[in-house]
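Peer 1: Below: sequence and its predicted model.
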Amino acid sequence: MDRYGPQGWWPGEGPFEVMVGAILTQSSAWANVEQAIANLKAAGALTPRALRDLPLPELARLIRPSGYYNAKAVKLKALADWLGESCRDSLEQLFSRDTAQLRRELLSVHGIGEETADSMLLYAGEKPSFVVDAYTRRILHRLGLAGERQSYASLQALFAENLPQEVPLFKEYHALLVRHGKSTCWRRAPACAQCCLKDLCRY
DNA sequence: GCCCAGGTGGGTA
DNA sequence: TACCCACATGGG
């Protein structure tokens, strides 16, 4: 499990913790999210049922380190409520559904947008749903492979249509794009396709 | 003190 | 449909 890339890139014990992390990490640094998750774990609140039973202000207090805590508390409540109604908290049942249909369902939940839905599908459900984030957008634009304001769907299609639909590969690609995006080399050197991004060219 | 981080939803033109 | 803004903490 200590392989390259994504295995270690999205830490989390079990699919529900991954789904919670996907909401908490929205526009926030992962280090802050880790503390929030640790608080939830210490409070025994890392189950859909426990989140539903937790008073909103208390939930907000626990996830404070992740930022936007009031907004995210409402989102976590929405997720937990929906899981109860949709699958009686059975993630096994949830992720056994048709991927495209499940994606639409996820998008209907308050606080779950395209990137969060795809993160949940890929990292919690092990479904081949490519995650397009800010790094991916920037890099594709920088390489001249996409316009600056291209839609999420079109960027996602770029990968979906040119890669084998394999979960480990999607995870690896995403992790490499993020790793590259975080590094400063590409911001300084316009033609940096020779640096760490070269790992992508194997595929 | 300033900028940014693994976005989303609601409001306005 | 297409912007614009609120949401907020912690590290560099």
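Peer 2: Ah, there it is. From a predicted model like this one, the values you see are computed outputs, not experimental measurements.

Peer 1: Give the residue spans of chain A that score low on pLDDT.
Peer 2: Low-confidence segments of chain A (pLDDT under 70): A:1-7, A:184-203.

Peer 1: Please point out which parts of the longest helix seen in chain A sit buried.
Peer 2: Across chain A, the longest stretch assigned as helix under DSSP state H is helix A:69-87. Residues of helix A:69-87 classed as buried by neighbour count (16 or more other CB atoms under 10 Å): A:69, A:72-73, A:75-77, A:79-80, A:82-83, A:86-87. Glycine gets a C-beta too; all of them are placed from N, C-alpha and C.

Peer 1: Following element in sequence after it, please.
Peer 2: With elements assigned by DSSP states H and E, the helix or strand that comes after helix A:69-87 is helix A:91-94.

Peer 1: For the closest residue to DNA strand B within chain A, which non-adjacent residue is spatially closest?
Peer 2: Nearest residue of chain A to DNA strand B: residue A:113, at 2.4 Å (CB to the nearest atom of the strand). Leaving out its chain neighbours, the residue that sits closest to residue A:113 by CB to CB, 6 or more residues apart in numbering is residue A:107, at 7.2 Å.

Peer 1: likewise residue A:67?
Peer 2: The spatial neighbour of residue A:67 that comes closest, neighbours along the chain excluded (CB to CB, 6+ apart), is residue A:28 at 4.7 Å.

Peer 1: three-state assignment of the residue most central in space within chain A?
Peer 2: Closest residue to the average C-alpha location of chain A: residue A:119 at 3.1 Å, with CA atoms, centre = their mean. Classification of residue A:119 by DSSP: H, G, I helix; E, B strand; the rest coil places it in helix.

Peer 1: I figured it hits residue A:130, correct?
Peer 2: No. Applying CB atoms under 8 Å as the test, residue A:119 and residue A:130 come out as separate, 10.4 Å apart.

Peer 1: what's the helix or strand for residue A:52?
Peer 2: For residue A:52, the host element (DSSP H and E) is helix A:48-53.
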